[in-house]
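**Student:** fold the following, please.
(one chain, ligands or ions: 2)
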Amino acid sequence: MIRFENVSVTYEGAAEPTVRGVDLEVPEGELVLLVGPSGVGKSTVLGAVGGLVPHFTGGTLAGRVTVAGRDTRTHEPRELADVVGTVGQDPLSHFVTDTVEDELAYGMESLGLPPEVMRRRVEETLDLLGLAGLRGRPLAGLSGGQQQRVAIGSVLTPHPRVLVLDEPTSALDPAAAEEVLAVIQRLVHDLGTTVLMAEHRLERVVQYADRVALLPGAGAALVVGTPAEVMAVSPVYPPVVGLGRLAGWSPPPLTVRDARRRAGHLRERLDGLDGGRSGQAAAGAAVPAPAPSADALSTA
Ligand code: ADP
Ligand code: MG
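**Tutor:** Residues are numbered from 1 along each chain as shown. Ligands and ions are numbered 1, 2, ... in the order given. Predicted coordinates for the structure are as follows:
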């Protein structure tokens with residue numbers, strides 16, 4: 001559904017490509033998480049899916065990106081809006097109208113749909129995203145989670161088969177993030193939407209991914225695998241993965257629940273080693289004092 005073939009992007013004035021030789025295929029209906037340290041080019045890769053890179057950002061793109069068979073070199077972003085919707089971290093910067101209903105309708109304006117089709121799609125989207133009670137509300141007065149749901153809704157009304165999400169929950173508190181992630185999962189499970197998502201807060205999303213694509217460093221080749229495979233080698237990982245790595249668990253746990261289940265065996269093993277100090281040792285093992293990287297801590 002999304003295909004990158006040997007894609008490199010060089011921004012104007014840059015001596016080197018920001019991303020180099022990216023090969024990636026996201027099959028229809030999959031949720032793929034794009035991870036990597038800050039500044040490695042995640043947003044650049046995501047922007048290339050909808051053609052924002054390089055059409056809006058400038059720079060040059062070598063290689064080929066196709067979405068649902070359409071080459072982004074020959075299709076402008078607005079000619080891709082019916083196949084790919086792109087949502088960023090800051091919904092307010094995304095909005096062009098003042099109310100929920102207007103914002104949902106706006107996404108369809110360039111498609112030339114009959115008014116009754118537009119009205120029906122606004123209704124569907126209000127229901128799908130749990131926004132029906134907010135339809136007339138000013139966007140500025142909504143909570144962060146509500147705003148992000150409207151931003152997602154506004155790119156869904158053209159019925160895209162692909163959704164690109166650039167850190168959709170990074171700016172949200174945990175409850176708002178949960179609202180937004182529930183919506184994303186519903187789209188993947190119920191509508192078969194293909195999702196490519198970057199998220200700084202890996203502990204919120206890694207367990208939902210079908211596969212993870214890692215950009216380990218600037219210009220480095222992409223590493224693609226199952227969430228556990230990639231988390232075992234990634235320089236960025238959620239705290240629970242850091243704990244699993246310290247404990248020598250392979251593959252590392254992806255959720256706190258997973259870690260808790262395995263911690264039982266660890267506790268037994270430590271008890272067997274030394275009855276007197278076991279309590280202390282087990283506590284030390286389960287709650288490592290220095291987390292292995294600043295990045296893992298910052299996602300805590
Ligand atoms: P990430 O999302 O992984 O943090 P980005 O794709 O945003 O990484 O940025 C990768 C690099 O490309 C950074 O060094 C950034 O400064 C540069 N960059 C990003 N967007 C542009 C742009 N529109 N013009 C020039 N340089 C850019
Ligand atoms: Mg980014």
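
**Student:** alpha carbons only for contacts and neighbour counts from here, please
**Tutor:** OK.

**Student:** show me where the protein has helices.
**Tutor:** 42-49, 52-55, 91-94, 100-106, 115-128, 144-156, 174-191, 202-205, 227-231, 239-246, 256-273, 278-286, 294-298 (DSSP state H).

**Student:** between these, which gets nearest to ligand 1?
**Tutor:** Of all the helices of the chain, helix 42-49 sits nearest to ligand 1, with 3.7 Å by CA to the nearest ligand atom.

**Student:** average pLDDT for the closest one?
**Tutor:** For helix 42-49, mean pLDDT rounds to 97.

**Student:** OK, contacts around the most centrally placed residue in the chain?
**Tutor:** Centroid-nearest residue in the chain: residue 197, 2.3 Å away (criterion: CA atoms, centre = their mean). Contacts for residue 197 (CA atoms under 8 Å, 6 or more residues apart in numbering) come out as 31-34, 46, 164-167.

**Student:** I'd like those residues as CSV, with distance to residue 102 appended.
**Tutor:** Below are the contacts of residue 197 laid out as CSV (distance: CA to CA, whole Å):
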residue, distance to residue 102
31, 29
32, 31
33, 31
34, 31
46, 26
164, 22
165, 22
166, 23
167, 24
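
**Student:** now, of those, which are buried?
**Tutor:** The neighbour count (16 or more other CA atoms under 10 Å) marks 31-34, 46, 164-167 as buried among the contacts of residue 197.

**Student:** what residue ranges in this protein score low on pLDDT?
**Tutor:** In the predicted model of the chain, residues 274-300 satisfy pLDDT under 70.

**Student:** domain parsing for it?
**Tutor:** 2-225, 263-298 (automatic domain parsing).

**Student:** right, and those - which one's nearest residue 237?
**Tutor:** Closest of the domains of the chain to residue 237 is domain 263-298, at 5.7 Å (criterion: CA to CA).

**Student:** ok, residue 83 to ligand 1 distance?
**Tutor:** Distance, residue 83 to ligand 1, using CA to the nearest ligand atom, to the nearest Å: 22 Å.

**Student:** skipping adjacent residues, who's closest to that residue in space?
**Tutor:** Nearest non-adjacent residue to residue 83, counting by CA to CA, 6 or more residues apart in numbering: residue 160, 4.1 Å away.

**Student:** ranking the helices of the chain by burial, who's on top?
**Tutor:** Of those, the one with the most neighbours on average (mean count of other CA atoms under 10 Å) is helix 144-156, at a mean of 26.

**Student:** relative to helix 115-128, how tilted is that helix?
**Tutor:** Orientation check (axes from the mean of the first three to the mean of the last three CA atoms, to 10 degrees): helix 144-156 against helix 115-128 gives 150 degrees.

**Student:** which strands or helices does helix 144-156 pack on?
**Tutor:** Other helices and strands packing on helix 144-156, by 3 or more CA pairs under 8 Å, 6 or more residues apart in numbering; DSSP states H and E, are strand 84-87, helix 91-94, helix 100-106, helix 115-128, helix 174-191.

**Student:** can I get these in CSV with distance to residue 240?
**Tutor:** Shown next, in CSV, are the helices and strands packed on helix 144-156 (distance: least, CA to CA, whole Å):
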stretch, distance to residue 240
strand 84-87, 28
helix 91-94, 29
helix 100-106, 37
helix 115-128, 32
helix 174-191, 17
